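Undergrad: just need the structure, nothing else, for what follows:
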Amino acid sequence: MHNLLIKEWTDIAAVTLEVAIRYLNSQKKKNYPMMTTTQQMSKKRKAVQDGIFKAELNNFLMKELAEDGYSGVEVRRTPARAEIIILATRTQSVLGERGRRIRELTSVVQKRFGFADGTVELYAEKVTNRGLCAVAQCESLRYKLVGGLAVRRACYGVLRFIMESNAQGCEVIVSGKLRGQRAKSMKFVDGLMIHSGQPVNEYIQQAVRHVQLRQGVLGIKVKIMLPHDPKGNMGPRVALPDQIHIQEPNEAPNPLHPESEHKQEKKDLLQSMSGQMPQLPPY
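TA: Coordinates of the predicted model:
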């Protein structure tokens, strides 16, 4: 009985393997067209593909350039090639000696995402004001906590530096096992902070990072409210809706004898009529 069962299982496995081999051979004969042009791809698929590409690229650069003040990435596409701009506080460290490191990153990105030779270029751009960059400050706080600095002291240092950079307000939240075994959350707030409405998308920058410590994982969240800048260098050009600007009236000379326009017209009309009416003889 036992030998009969083994024989049946062997026959079933052989048939299954034969079917799998036939299926694979049939798939090899098929020729799937590669979607090389954007015309063959719908807008929805193109948007999803671009989002996945940027998310994976951002994750890779965030791990690779964490010690160099990595603050974000910007992708600019042209029909001929793609330009990837890396925002960081230490651009010289990103470039490396004689541009060696940026060439290595370009080669890795080119091989990972299947770019042809000469169709992708990486550039490093310095963050103008790192005190108003939530990602840079979140990374700074992360390294302070990894270095063993007290949570309260590190958070107040970041808070003070952000406010000295002319930010309208900031908020720092640290969650996890700060002291002891009980997890808790600490919030540090200074200045003005908005939480709803369309201005949040324009004025608020936020970043989230995780710190692996010996007692557990700490979560860090930094929110910065940018200042209003009409030139658009440090903040958005559009002012907040609740900010009302009253324009001063033009300085016009006050009339010495104010008169109504209608009365003046009536007076002029009477004078003109009196000149045209004939003089009546006296009684």
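Undergrad: please count neighbours and contacts with C-alpha atoms only from this point.
TA: Fine.
Undergrad: so the chain: which segments form each domain?
TA: Following automatic domain parsing, one gets these domains for the chain: 43-127, 131-225.
Undergrad: what's the local residue count around the residue nearest to residue 192 when sequence neighbours are not counted?
TA: Distance criterion CA to CA, 6 or more residues apart in numbering; nearest residue to residue 192, sequence neighbours excluded, is residue 169 at 4.4 Å. Using other CA atoms under 10 Å, the number of residues around residue 169 comes to 20.
Undergrad: isn't residue 169 right up against residue 160?
TA: No. Look at residue 169 against residue 160 with CA atoms under 8 Å: they stay out of range, at 10.4 Å.
Undergrad: now the residue positioned nearest the centre of the chain. Nearest residue, chain neighbours left out?
TA: Centroid-nearest residue in the chain: residue 205, 7.1 Å away (criterion: CA atoms, centre = their mean). Of all residues not flanking residue 205 in the chain, residue 224 sits nearest, at 5.2 Å (CA to CA, 6+ apart).
Undergrad: identify the bridge partners of the one you found.
TA: residue 170, residue 205 (DSSP bridges).
Undergrad: next, count neighbours for it.
TA: Other residues close to residue 224 by other CA under 10 Å number 30.
Undergrad: going forward, the N-terminal residue is numbered 130.
TA: Let's use 130 as the start, then, which means that last one is residue 353.
Undergrad: my guess is it meets residue 266, correct?
TA: No. Assessed by CA under 8 Å, residue 353 is found out of contact with residue 266, at 9.6 Å.
Undergrad: measure residue 348 to residue 339 for me?
TA: Computed as CA to CA, to the nearest Å, the residue 348 to residue 339 distance reads 5 Å.
Undergrad: quick one: low-confidence ranges for the stretch 130-279 of the chain?
TA: 130-169 (pLDDT under 70).
Undergrad: again, only this time at 80
TA: The model of the stretch 130-279 of the chain has pLDDT under 80 over residues 130-170.
Undergrad: all helices of it, in order?
TA: Per DSSP state H, counting those that start in this stretch, the stretch 130-279 of the chain carries helices over the ranges 131-158, 172-193, 220-224, 229-242, 263-275.
Undergrad: run the chain-centre distance for the third one.
TA: The gap between the average C-alpha position of helix 220-224 and the chain average comes to 22 Å, counting by CA atoms, centre = their mean, to the nearest Å.
Undergrad: can you list the residues that contact it?
TA: 194, 197, 217, 230-231, 253-255 (CA atoms under 8 Å, 6 or more residues apart in numbering).
Undergrad: also the fourth one?
TA: Applying CA under 8 Å, 6+ apart, the contact partners of helix 229-242 are 186, 223-225, 244-246, 249-252.
Undergrad: on that earlier part again, among the contacts of helix 220-224, name the buried ones.
TA: Among these, those scoring as buried are 194, 197, 217, 231, 253-255 (criterion: 16 or more other CA atoms under 10 Å).
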